[in-house]
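# sequence and computational prediction follow.
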Amino acid sequence: MDLEMTFQLARDLMAATSIEAIQERTVTFIERKLGQPAAVAVRNAQGHYTVVASDELDSASVTERLRNCVSGLPRFEYQNESTGGVANFQPDSTTIVSQSGPQPDLLMMSFTLPGFRSNFREMDSLASLVSEAMSNFNKFSELEMASNIDTLTNLPNRRSLMQTFEAECERARRYGQPLSVLFIDIDKFKPINDQYGHAAGDEALKLLARTMRSTMRTSDIVARLAGDEFIALLPGSTKEDADHAAERLREAISQTTLLHQGVSIKLQISVGITEYELGEEPDDILERADHAMYEDKRRRKQERDTVATKVVNLTVPQLLPNLRRQAARLEERMEQSI
């Protein structure tokens, strides 16, 4: 291939933001280089093929060609002198195939004769360049995904949450749709770590994450903010809707038990609920939700303390007469023993 064109193509492929963009740029290059329509098919991780083709090609002919190539029509092999690899092409030289397993990973298809016959070495080098670009893109995508996921719970992390949060706030502002937020915190999480160990704390976090995923709608966004703090974004939900969602989550948590080394641990959560207000930024909403969560924690602790006080007040008067009788008997026995 022309050196300058190769460098430009390599730069274009490196700048691509998707596999489809790599396919589109490859098709454009073949059109300009050979002056003929082309199609590029790529097999994804699920084994399905996505195809990008020249505008003048009809989908039926492209689909038929792809089906014939994948179904195992005989291919010739060509030893790539520069890479040492083996490329494949159909007998009419209109298809170049690159594969690492039983099925082709990449197919570059020409739809006019003589196809790639007179430019086969160049097109084979192009296939190697495209395959390398796809491999690099997939590696980058995996790293990008890993940087957005909390490895313990497999939920989106704070970085991913804030990106999504900004987009949801913009959508709520633009279309006038409600957006509510749940700020969730595990009650007495530190004592769990202190008494049962950090492994138990990790299991508690994973249990809450699973429960949130199973309780929330598929359209809701569940993420781990930090420590034992979790966030649920509820697009299209009012605060009243969010109140119901919080109650469902509390009920689900109350019905679960964490089993750690033969010990049953019951979890409780505090939930702060807020609704997006026009013009607010994600940080502002999280701050309000955080305050609401601590208010919920304080209120429920006060309710528990009140109940405990009532139990004591009801129980002590009933116990006093019995305690007095036992004390009298003990005193009588002590006098008799003297």
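Looks like it came in fine. What you see is a predicted model, and the numbers here were worked out from it, not measured in a lab.

# just list whatever residues bridge to the residue most central in space within the chain.
Residue closest to the mean C-alpha point of the chain, counted by C-alpha atoms, centre = their mean, is Pro156 at 5.3 Å. Per DSSP bridges, residues listed as beta-bridge partners of Pro156: Ile149.

# show me how the protein divides into domains.
Per automatic domain parsing, the domain ranges recorded for the chain read 3-146, 158-309.

# any idea which of those domains scores lowest on pLDDT?
Among the domains of the chain, domain 3-146 carries the lowest mean pLDDT, a mean of 75.

# and for Met14, the neighbour number?
Residues within reach of Met14, counting by other C-beta atoms under 10 Å, total 13. All C-beta atoms are positioned from the backbone trio N, CA, C, and that covers glycine.

# picking that back up, so can I have JSON lines of the domains of the chain showing distance to Arg329?
JSON lines is the format used below for the domains of the chain (distance: least, C-beta to C-beta, whole Å):
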{"stretch": "domain 3-146", "distance to Arg329": "71"}
{"stretch": "domain 158-309", "distance to Arg329": "30"}
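
# which positions within stretch 242-250 qualify as buried?
Counting neighbours by 16 or more other C-beta atoms under 10 Å, one finds that the buried residues in stretch 242-250 are Ala242, Ala245, Ala246, Leu249, Arg250.

# what does that stretch contact?
By C-beta atoms under 8 Å, 6 or more residues apart in numbering, the surrounding residues in contact with stretch 242-250 are 180-182, 184, 211-212, 215-216, 220, 232, 234, 237, 269, 271, 273, 275.

# just the ones in strands from those, please.
Among the contacts of stretch 242-250, the members falling in strands (DSSP state E) are Ser180, Val181, Leu182, Ile184, Ala232, Leu234, Ile269, Val271, Ile273, Glu275.

# okay, among these, which ones form the most distant pair?
For the ones in strands among the contacts of stretch 242-250, with distances taken as C-beta to C-beta, the pair at the greatest spread is Ile269 and Glu275 (19.6 Å).

# with neighbour numbers in mind, choose between these two.
Under the neighbour definition other C-beta under 10 Å, Ile269 and Glu275 were set side by side, and Ile269 has more, 25 against 20.
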